[in-house]
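Asks: Could you work out the structure for the sequence below:
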Amino acid sequence: MTPLEEGSRALVVDDSRATRRILGRMLAEIGFAVTEAENGKEALATLTADEQPFDLALVDWNMPEVDGIELVKAIRADAAFDGLKVLMVTTEADIDHMMIALDAGADEYAMKPFTAAVIREKLALLGIGEPV
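Replies: Numbers count the residues shown, from 1 in each chain. Just a heads-up that it's a prediction; the model follows:
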């Protein structure tokens, strides 16, 4: 487990503004600079436009334009994002959905509703931040 490095960046992708804000606040409290996107299309544009790479993306499944699974597949298809950790954060709670997300390339999976402790635990599993 490595402590969060200064300048670590996270992208929170969710069509719910409230969820983006909650996750963004949690991530900012542990040291991430947070950028928000309201769907996968906007997230892809943000990922490709920014010169400084992101370290982490928290991605919702059900979004308009480009959904979370399509976004994860697009991220994994582009070698420029090889170092990006992807945490799927969704209401899809059954094992089949979890397997689809992991097979698409998500590194971890968290179900809504979530707590700060759950997010920290998932980040710890990804080797990000302080031990829980």
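
Asks: So residue 125 versus residue 29, what's the distance?
Replies: As judged by CB to CB, to the nearest Å, residue 125 and residue 29 stand 19 Å apart. For glycine as for every other residue, the C-beta is placed from the backbone atoms N, C-alpha and C.

Asks: which of those two has more neighbours?
Replies: Comparing residue 125 with residue 29 by neighbour count (other CB atoms under 10 Å), the higher total belongs to residue 125, at 15 against 10.

Asks: low-confidence ranges in this protein?
Replies: Per-residue confidence of the chain (counting by pLDDT under 70) places the weak regions at 1-4, 130-132.

Asks: Where do the strands of it begin and end?
Replies: Counting by DSSP state E, the chain has these strands, from start to end: 9-13, 33-37, 56-59, 85-90, 108-111.

Asks: name the helices or strands packed onto the fourth one?
Replies: The one in question is strand 85-90. Using 3 or more CB pairs under 8 Å, 6 or more residues apart in numbering; DSSP states H and E as the contact criterion, the secondary-structure elements in contact with strand 85-90 are strand 56-59, helix 68-77, helix 95-104, strand 108-111, helix 116-125.

Asks: longest single helix anywhere in the protein?
Replies: In the chain, assigned by DSSP state H, the helix with the most residues is helix 17-29.

Asks: for that one, packing partners?
Replies: With contacts taken as 3+ CB pairs under 8 Å, 6+ apart, helix 17-29 sits against strand 9-13, strand 33-37, strand 56-59, helix 116-125.

Asks: Just the buried residues of that helix, please?
Replies: Judged by neighbour count (16 or more other CB atoms under 10 Å), helix 17-29 contains these buried residues: 19-20, 22-24, 26-27.

Asks: Among those residues, which one lies nearest to residue 65?
Replies: Ranked by distance to residue 65 (CB to CB), those are led by residue 20 at 15.3 Å.

Asks: Leaving out sequence neighbours, find the closest residue to that closest one.
Replies: The spatial neighbour of residue 20 that comes closest, neighbours along the chain excluded (CB to CB, 6 or more residues apart in numbering), is residue 36 at 4.5 Å.

Asks: one step back: between which two of the buried residues of helix 17-29 is the distance greatest?
Replies: 19 and 27 (12.3 Å).
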